[in-house]
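>>> Next input, structure requested:
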Amino acid sequence: MNRFTLPRDLYYGKGSLEFLKTLKGKKAILVLGGGSMKRFGFVDKVLSYLKEAGIETTLFENVEPDPSVETVMKGATAMREFNPDWIIAMGGGSPIDAAKAMWAFYEYPETTFEDLITPFNFPTLRTKAKFLAIPSTSGTATEVTAFSVITDYEKGIKYPLADFNITPDIAIVDPELAETMPPKLTAHTGMDALTHAIEAYVSTLNSPFTDPLALKAIHMVFDYLPDSFGGDMKAREQMHYAQCLAGMAFSNALLGIVHSMAHKTGAAFSTGHIPHGCANAIYLPYVIQYNAKNAESRYADIARSIGITGSDAECVSQLCEKINEYNKKLNIPATLKEFGIVEEEFLEKVDEIAKLAVGDACTGSNPRPITPEQMSQLLKCTYYGTKVDF
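From the prediction side, this is the model:
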């Protein structure tokens, strides 16, 4: 038996933040990132609307990019002290992901982080609070997904947490919030959305329910991302919807090894963090080459849906070329070497990273199985820019 789960309600369009005026509840905690939502006036708007709804609100601020286990635990403590019946998370993927994990520890203080690492192992939520998500970036789609990514900095590992329990109850997809994104973030989040949709379409758990969402998202990203990157706000609005469609697809079809690799390399090198969307963009064409042995016709479907013609093999090759062309337009490096990862450190760590990536929760739904040895080889291709031919 399969399952397809989305938020109960999704409000979208410019000004949809106003829905908060009608929210029913007593107390809300608003989880936020580093301050951009405050600077652009959105926090004041939310507080004003919640006041109008008669809801007492407190803030939990400064969730860092790639939120840590420590931040999650601090947030859960703040929730237990305030006792909200709504958890509202606003901003990029980080505050929303962090708030999802906080939610579990708020309702079940005795739960450990280790308990939650096992996919689909969360306790039953909504015993104390419901969850509302308001994204300000156009990539993670965490506002509609059953996923959260939390980083253990001591181990240098990103853990994708997965459970339909953490799919938000309500999502507000207001494109006015996405208008504040700088160009680099627009590029990285846009390619993250493309990766979500492509991986969902070729996943072993793809279905007639997820395929149309994935294909429409792919089509929209290729149509609107360059103009969105260039500052066109009509295109930016369409990208905000495209990433949400991609999220609906991958939340139900799951992902593949592009994400496994990104999760396990993001915090692995001393030269600094590799932004998640940037890592996905670098790895995507190499993974398509690797997976094509098992999923050539599915990738060819994607290519044809955006106007590419030819045999299945030609379509796959041109799809990779198109992704490379977009990366170039968006100033995204073609390889890990070009990104600035030091070769000596990469070679020293690659085999261990490969083992961790194979064990990542996203690997199970990849269309082609992979061993640690193959993963190491694939990562080397992404470092040096060599063709994947194994």
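>>> Which strands or helices does the helix-or-strand element of the chain with minimal mean pLDDT pack on?
Least confident helix or strand of the chain, by mean pLDDT, DSSP states H and E, is strand 157-162 with a mean of 83. Counting contacts by 3 or more Cβ pairs under 8 Å, 6 or more residues apart in numbering; DSSP states H and E, strand 157-162 packs against helix 113-117, strand 147-152, helix 257-265. Quick note: C-beta positions are derived from backbone N, CA and C, even for glycine.
>>> tell me what the longest one is packed against?
Where contact means 3+ Cβ pairs under 8 Å, 6+ apart, helix 257-265 is packed against strand 157-162, helix 183-202, helix 276-305, helix 343-358, helix 372-384.
>>> ok, the first one: who's next to it in the sheet?
In its sheet, strand 157-162 lies beside strand 147-152 (antiparallel), with partners assigned from DSSP bridges.
>>> how much space between the residue positioned nearest the centre of the chain and residue 256?
Compute the mean C-alpha point of the chain, and by Cα atoms, centre = their mean the closest residue is residue 140, 2.9 Å away. Residue 140 sits 16 Å away from residue 256, going by Cβ to Cβ, to the nearest Å.
>>> count of neighbours near residue 30?
When neighbours are counted by other Cβ atoms under 10 Å, residue 30 registers 25.
>>> quick one: secondary structure of it?
strand (DSSP: H, G, I helix; E, B strand; the rest coil).
>>> do the same with residue 63
Assignment for residue 63 (three-state DSSP): coil.
>>> looking at it, it is touching residue 30, isn't it?
No: look at residue 63 against residue 30 with Cβ atoms under 8 Å: they stay out of range, at 11.2 Å.
>>> What angle do helix 276-305 and the least confident helix or strand of the chain make with each other?
50 degrees (axes from the mean of the first three to the mean of the last three Cα atoms, to 10 degrees).
>>> other SSEs contacting the next helix or strand after strand 157-162?
For strand 157-162, the following helix or strand on the C-terminal side (DSSP states H and E) is strand 170-173. The contact analysis (3+ Cβ pairs under 8 Å, 6+ apart) places strand 170-173 against strand 9-12, strand 130-135, helix 233-253.
>>> With respect to residue 80, which of the ones you listed lies nearest?
strand 130-135 (16.0 Å; Cβ to Cβ).
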